[in-house]
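Q: Give me the fold of what follows.
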Amino acid sequence: MSQTTLRVAAPPEKPLLIFDGACTFCSLWVQRWQRFSHGAFDCVPLLDPGLAARFPELTQEQFERAVHFISTDGSIFVGAEAVFHALACHSNGAWLMDWYRQSPAFARSAEAVYGFVAGHRGFFSFFTRLLWGRQVQPPSYAIVRWLFLRALGLIYLAAFLSLWPQVTGLIGNQGIIPAEQTMSAVRSEMDLQHMHIQRYQLVPTLCWFNAKDSFLKFQCGAGALLAILLVVDIAPVPCLFLLWLLYLSLVIVGRDFLGFQWDNLLLETGLFAIFLAPLQLLPHRLRAQPPPPRFAIWLLRWLLFQLMFESGCVKLLSRDPSWRNLTALEVHYETQPLPTWIGWYAHQLPAPAQKLCCAAMFAIELGLPWLIFAPRRPRQLACFGFALLQVCILLTGNYCFFNYLTLALALLLLDDAALEGLLSGRWLARFSQKLGPARADSPPRYVIASRLFHFCGFVVAGVAVVISLILLAGTFGIRGPLPHPMVRLCSAVAPLRSFNSYGLFAVMTVSRSEISVEGSQDGAHWLPYEFNYKPGPLGRRPGFVAPHQPRLDWQMWFAALGSYRDNRNQWFLRFCGRLLAGSPPVLGLLERNPFPLSPPRYIRAVLYDYRFTDLAARHQTGDWWQRQPLGLYLPPVSLSDFSGN
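A: Coordinates of the predicted model:
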């Protein structure tokens, strides 16, 4: 559109972009375009003394009017067209040049925008610094990927090590919900429905082959070993796939005890991270690895957006008055499942401070997620806000590895340049050794495998985005008949637990009921069983346990929200039956067994209302809790009542 009739007599050997080198705004963006094209064109500032002699066809006035692009055949392009020609030196930027040529309206608009920006470079320079800082070049994510995969490996390690000592008590042969019984019931149901291959897709667990205690422990041990291999950067893609498969296998048979949102979040993050990891078997220098696929980074960012935004939305959409009037935090710290002693102090804050914190939480969960899609500076602000919220949560409550996993996802909002500004000199020296010499732009060693791997990643990304949009629409009450292919897609991937919706505490629990399980030999004198972490003795200080999750203690909190007759609490009756039978693995989940010699003849459960003490009561009594009896949760039962189980 703006091509001149002039051609230079001495064309450059490499395309050349001439720009105003005295303008910081111009210099920053030209550097970005050159890096984007991988150095496919050269750039020369206007102040270059040899420019006039090299291209006498162009005057100084013409050079000062706009940016010029000179191709290898001597053609001269000016303004927006020059910029598009520079971007078209890389195949990913060719579409802009094609659009410019094919659409006169777009060409005129592009030239008008270019002229406006060129005439207001001071404002746009400030705008650039505000949104990008001084790093407008295409970002790199080598260090970010390295740190994220190490963090994910440590989180997997914590998850498997946490479950390992509990697994036999929870789902072992003498556990509360034996995996062997679960698989036997599922196998019988599948046989009745004449399902053969489909059973492995509907119930994707390795326990089809073996559900004994030894194999459950083996899966935990194998997961821990694979997590260590991931941390030391050995075969990250196979390790991530096997970690996802093992954790999915245990989640399926774990039922109530492994059905928490962070279990699903770990599965979803772990699945997406497979396509972020480099295809290698042994550790490589960071720059010897191909750059992280951008679609994988954005897929994990989309997951973070979904997690944070839905967490804020469900609180308001539930119409819970405690969220709407910002009073939820006045009760949250004492009614959450496993508070910390810092949570006790946070509970003592005055009501205005609690409302301010609640408003800040909504600002972070509802406002900052949109900055994920903004340029690098706003993304860094979102990262800081998410990190601040997660640190506050993990200081006041124990939520397993949930907060650490969210922090790892927030790390992906940064780039290598931002991390280099945060890391200390010692860390920078270490990373400079890992970075090594820049890799040559050569095709991957295994081109077909790499392309197939990335194709699978694109398919997973497409499925994830489609399903997450359906779930997000459902969160807002937008429901309607879906096309049959989408229904089949949702049904097919649902058993994988890797495409989910999120949102904790949609309705705030305003009071805290605690179940005290008691045993007796004569039905008259009752002794309580003590749990490791849930509130029990009034003087025991709430502690820190995350990233470990005492899953029985957590389930006791949920059981207290309803009745033992509820279907979701059928595990509680099984738990009481195991106590009457004196099951060693189940007793191993508790802190103290008041019947060390022989099991009790009777078990009952008493319900109490627990509340934090205030500062005065804490100073006077030394207690962290106060309680009032609410009556029986479960009337006395004996082993004969469980003869059919």
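
Q: CA atoms for contacts and neighbours, from now on please.
A: Fine.

Q: Grab the nearest non-local neighbour of Pro636.
A: Nearest in space to Pro636, with sequence neighbours left out and distances taken as CA to CA, 6 or more residues apart in numbering, is Arg604 at 4.4 Å.

Q: helices or strands up against the longest helix anywhere in the chain?
A: Ranked by residue count and defined by DSSP state H, the top helix of the chain is helix 447-475. Applying 3 or more CA pairs under 8 Å, 6 or more residues apart in numbering; DSSP states H and E, one finds that helix 447-475 contacts helix 261-273, helix 294-317.

Q: Swap in 6 Å and give it another go.
A: Taking 3 or more CA pairs under 6 Å, 6 or more residues apart in numbering; DSSP states H and E as the contact definition, helix 447-475 has no neighbouring helices or strands.

Q: So for that helix, mean pLDDT?
A: In this model, helix 447-475 has a mean pLDDT of 89.

Q: what's the angle from the helix or strand just after it to helix 447-475?
A: Next in sequence after helix 447-475, counting helices and strands by DSSP states H and E, comes helix 484-493. Inter-element angle recorded for helix 484-493 and helix 447-475: 100 degrees (by axes from the mean of the first three to the mean of the last three CA atoms, to 10 degrees).

Q: Other residues contacting helix 484-493?
A: Applying CA atoms under 6 Å, 6 or more residues apart in numbering, helix 484-493 turns out to have no external contacts.

Q: what's the residue lying closest to Gly175 once chain neighbours are set aside in contact with, if anything?
A: Leaving aside its sequence neighbours, Gly175 sits nearest to Gly169 (CA to CA, 6+ apart; 4.3 Å). Residues near Gly169 by CA under 6 Å, 6+ apart: Gly175, Pro585, Val586.

Q: Tell me where the stretch 151-300 of the chain has helices.
A: According to DSSP state H, counting those that start in this stretch, the stretch 151-300 of the chain carries its helices in the segments 167-171, 179-192, 198-202, 213-231, 236-254, 261-273, 294-317.

Q: what angle do the second one and helix 236-254 make?
A: This means helix 179-192. Angle of helix 179-192 versus helix 236-254, following the same axes, to 10 degrees, is 90 degrees.

Q: any idea of the mean pLDDT for helix 179-192?
A: Helix 179-192 carries an average pLDDT of 93.

Q: Report the buried residues of it.
A: Residues Ala179, Glu180, Thr182, Met183, Arg187, Met190 are the ones in helix 179-192 that count as buried (16 or more other CA atoms under 10 Å).

Q: contacting residues around that helix?
A: The set of residues external to helix 179-192 that reach it, using CA under 6 Å, 6+ apart, is Ile171, Ala211, Val253.

Q: Specify the angle between that helix and helix 213-231 in degrees.
A: Computed with the same axes, to 10 degrees, the direction of helix 179-192 lies at 100 degrees from that of helix 213-231.

Q: Using CSV, write out every CA atom in the one helix or strand Ala359 maps to.
A: According to DSSP H and E, Ala359 maps onto helix 351-362. The C-alpha trace of helix 351-362 is given here as CSV (Å, rounded to 0.1, in the frame of the first residue of the first chain):
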residue,chain,number,x,y,z
ALA,A,351,-14.7,-7.2,62.2
PRO,A,352,-13.7,-4.3,59.9
ALA,A,353,-10.3,-6.0,59.3
GLN,A,354,-12.0,-9.3,58.5
LYS,A,355,-14.3,-7.5,56.0
LEU,A,356,-11.3,-5.8,54.4
CYS,A,357,-9.5,-9.1,54.0
CYS,A,358,-12.6,-10.7,52.5
ALA,A,359,-12.9,-7.8,50.0
ALA,A,360,-9.2,-8.2,49.1
MET,A,361,-9.8,-11.9,48.5
PHE,A,362,-12.6,-11.2,46.1
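
Q: the inter-axis angle of it versus helix 294-317?
A: Going by the same axes, to 10 degrees, helix 351-362 makes 140 degrees with helix 294-317.

Q: Could you list every helix and strand in contact with the helix or strand following helix 351-362?
A: Following helix 351-362 in sequence order, the next helix or strand is helix 376-396 (DSSP H and E). Packing contacts for helix 376-396, counted by 3+ CA pairs under 6 Å, 6+ apart, involve helix 121-132, helix 402-411.

Q: can you tell which of those helices is closest to Trp302?
A: helix 402-411 (9.9 Å; CA to CA).

Q: neighbours of the nearest residue to Asp320 once chain neighbours are set aside, just the number please.
A: Leaving aside its sequence neighbours, Asp320 sits nearest to Val507 (CA to CA, 6+ apart; 5.7 Å). Counted by other CA atoms under 10 Å, the residues lying close to Val507 total 17.

Q: what do you get for Leu471?
A: Leu471 has 20 neighbours, counted by other CA under 10 Å.

Q: do Gly480 as well
A: 8.

Q: Then the one 5 residues further on?
A: Neighbour count of Pro485, defined by other CA under 10 Å: 9.

Q: do Leu96 as well
A: Counted with other CA under 10 Å, Leu96 comes out at 18.

Q: can you check Pro483 too?
A: Neighbourhood size, Pro483 [other CA under 10 Å]: 8.

Q: The one 10 residues further on now?
A: The local packing count at Val493 equals 16, with neighbours defined by other CA under 10 Å.

Q: Quickly note the distance from it to Val237.
A: Using CA to CA, to the nearest Å, Val493 is found at 21 Å from Val237.

Q: so Phe544 is in which element?
A: Counting by DSSP H and E, Phe544 is part of no helix or strand.

Q: Now for it: which residues touch it?
A: Thr340.

Q: Let me know the distance separating it from Val8.
A: Here the criterion is CA to CA. By it, Phe544 lies 73 Å from Val8.
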